[in-house]
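*Asks:* sequence? don't have it. structure:
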């Protein structure tokens, strides 16, 4: 059953993968099954350093892993006493997996969450009043940054994992903190769940179908678009949905903003109320520097920043880094099927130096019919507010010649050869 659940992902044998292993029965079973399935496993151990026995357990686990001839990677949690421990641990683990995926050149990370974990998480969210769209539980495959998280044991109860460990003679450690009733999750595990199972012996067996129904109920066919740090959807799709689905869409949008917490019910009610009003443009602050906007048939969330890109001064033809995602190509040749955005300039002896910079108050461009302020150009082009401050101005000694992010060039007559400036993606 366990090995079949792993094989259902359709990964090729011999592939290099990362397996998160705590030393407990769940992760030791997953590790054993992954090795038997034929993968090249790198073991990742995250030491929370909360319990006194953590160090001894880490040393024991390292010896076990080395005896299996596997690579053992460990990271210790460094806590900020003024921040939430569970939140810090969650993001530190993900950062650890990201580091290992880059180091070992694999984007496959396996975790040992099982069916009992699903039930515990569901009950915690239900009791705490989370929105229904959060009830569908953990997913068997989830993409995160440049790697994927795989959870092959989600349909398997803990009892089956213990049976597997006993049948295969697996050694494992018991985390003493799992018995402490001072933790809310343990109260759910040891006090509430046994009563529920006593009431319904088939509760665990029925769970996968229940989670599948929840997932299906909130599986909407919509796309989140991203440009220059602005995450948005087509307003027309949003308005077609019922309020419960609208709340789910807003929740999904908000998760794209780094360090932004989930919406409360009060915030969602307020947002839906504002968006339901017959206004073509809506903009308001959700939290510090995080704004929701409706404009030009877009509904989106963005994080306001006062950051201005340092001007880039270009003196010659060639390729120049713009930011972590893109570069600038300055060329005499017209390049097809390559550019993301482009402008063209008249090429003469005073064309260089060319400056690429952020827009400034009072900027304007010259055209054959006169000059126009950038603010008016953005309005004419129906450019949402978040795109405006993130646009790139192309400037020479003769003034602003184009807006790179809008692929807008001055239409002044040009009798000489043209020069082309492209913004190209760094991702192949």
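*Replies:* Cool, got the structure. Quick caveat: nothing in here was measured; it's all calculated off a predicted structure.

*Asks:* average pLDDT for the longest helix anywhere in the chain?
*Replies:* For the chain, the longest helix by residue count, based on DSSP state H, is helix 85-103. Average pLDDT, helix 85-103: 85.

*Asks:* show me what contacts the residue lying closest to residue 228 once chain neighbours are set aside?
*Replies:* Excluding the flanking residues, the one nearest residue 228 by Cβ to Cβ, 6 or more residues apart in numbering is residue 390, at 3.7 Å. C-beta here means a position set from N, CA and C on the backbone, and glycine is covered the same way. Neighbour list for residue 390: 228, 229, 230, 358, 405 [criterion: Cβ atoms under 8 Å, 6 or more residues apart in numbering].

*Asks:* residues in contact with stretch 159-177?
*Replies:* 1-2, 22-26, 28-29, 32-33, 50-51, 53, 57, 60-61, 64, 114, 153, 183.

*Asks:* wait, residue 122 sits on residue 135?
*Replies:* Yes. In this structure residue 122 lies within contact range of residue 135 using Cβ atoms under 8 Å: 6.1 Å.

*Asks:* quick one, which of the two is more surrounded?
*Replies:* A count of neighbours by other Cβ atoms under 10 Å puts residue 122 above the other of residue 122 and residue 135, at 21 against 18.

*Asks:* could you say which helix or strand holds that one?
*Replies:* Following DSSP states H and E, one finds residue 122 within helix 115-127.

*Asks:* give me the contacts around the helix or strand just after that helix.
*Replies:* Note on helix 115-127: by DSSP H and E, the next helix or strand toward the C-terminus is strand 141-144. Contact with strand 141-144 is made by 9, 94, 97, 98, 148, 149, 150, 151, as judged by Cβ under 8 Å, 6+ apart.

*Asks:* what residues of the helix holding residue 122 count as buried?
*Replies:* 115, 116, 117, 118, 119, 120, 121, 122, 123 (16 or more other Cβ atoms under 10 Å).

*Asks:* what's the answer for stretch 144-157, then?
*Replies:* Those would be 147, 148, 149, 150, 151, 152, 153, 154, 155, 156, 157, for stretch 144-157 by 16+ other Cβ under 10 Å.

*Asks:* would you turn the residues you listed into JSON lines with secondary structure, pLDDT and distance to residue 279?
*Replies:* Converted to JSON lines, these look like this (DSSP: H, G, I helix; E, B strand; the rest coil; pLDDT from 0 to 100; distance: Cβ to Cβ, whole Å):
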{"residue": "147", "secondary structure": "strand", "pLDDT": "87", "distance to residue 279": "41"}
{"residue": "148", "secondary structure": "strand", "pLDDT": "92", "distance to residue 279": "41"}
{"residue": "149", "secondary structure": "strand", "pLDDT": "94", "distance to residue 279": "40"}
{"residue": "150", "secondary structure": "strand", "pLDDT": "96", "distance to residue 279": "45"}
{"residue": "151", "secondary structure": "coil", "pLDDT": "97", "distance to residue 279": "43"}
{"residue": "152", "secondary structure": "coil", "pLDDT": "96", "distance to residue 279": "48"}
{"residue": "153", "secondary structure": "coil", "pLDDT": "96", "distance to residue 279": "49"}
{"residue": "154", "secondary structure": "coil", "pLDDT": "94", "distance to residue 279": "44"}
{"residue": "155", "secondary structure": "coil", "pLDDT": "93", "distance to residue 279": "47"}
{"residue": "156", "secondary structure": "coil", "pLDDT": "94", "distance to residue 279": "51"}
{"residue": "157", "secondary structure": "coil", "pLDDT": "94", "distance to residue 279": "51"}
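
*Asks:* just the buried subset of the contacts of stretch 159-177, please.
*Replies:* Counted by 16+ other Cβ under 10 Å, the contacts of stretch 159-177 give 2, 22-26, 28-29, 32-33, 57, 61, 64, 114, 153 as buried.

*Asks:* in three-state terms, label residue 257 for me.
*Replies:* Of the three states, residue 257 takes coil under DSSP: H, G, I helix; E, B strand; the rest coil.

*Asks:* is it true that it touches residue 289?
*Replies:* No. Applying Cβ under 8 Å as the test, residue 257 and residue 289 come out as separate, 9.7 Å apart.

*Asks:* now do the shared contacts for those two.
*Replies:* In contact with both residue 257 and residue 289: residue 303, using Cβ under 8 Å, 6+ apart.

*Asks:* those two: which is more packed in?
*Replies:* More crowded of residue 257 and residue 289, by other Cβ under 10 Å: residue 257, with 18 against 13.

*Asks:* that one and residue 425, how far apart?
*Replies:* From residue 257 across to residue 425, the span is 22 Å (Cβ to Cβ, to the nearest Å).

*Asks:* got it, and residue 27?
*Replies:* Taking Cβ to Cβ, one finds residue 27 at 38 Å from residue 425.

*Asks:* so if I had to pick from the two, which one is more boxed in?
*Replies:* Comparing residue 27 with residue 425 by other Cβ under 10 Å, the one with more neighbours is residue 27, at 24 against 11.

*Asks:* name the helix or strand for the more buried one, please.
*Replies:* Element membership for residue 27, per DSSP H and E: helix 25-37.

*Asks:* picking up where we left off before, from the contacts of residue 390, pick the one nearest residue 272.
*Replies:* Nearest to residue 272, judged by Cβ to Cβ, of these is residue 230 at 20.6 Å.
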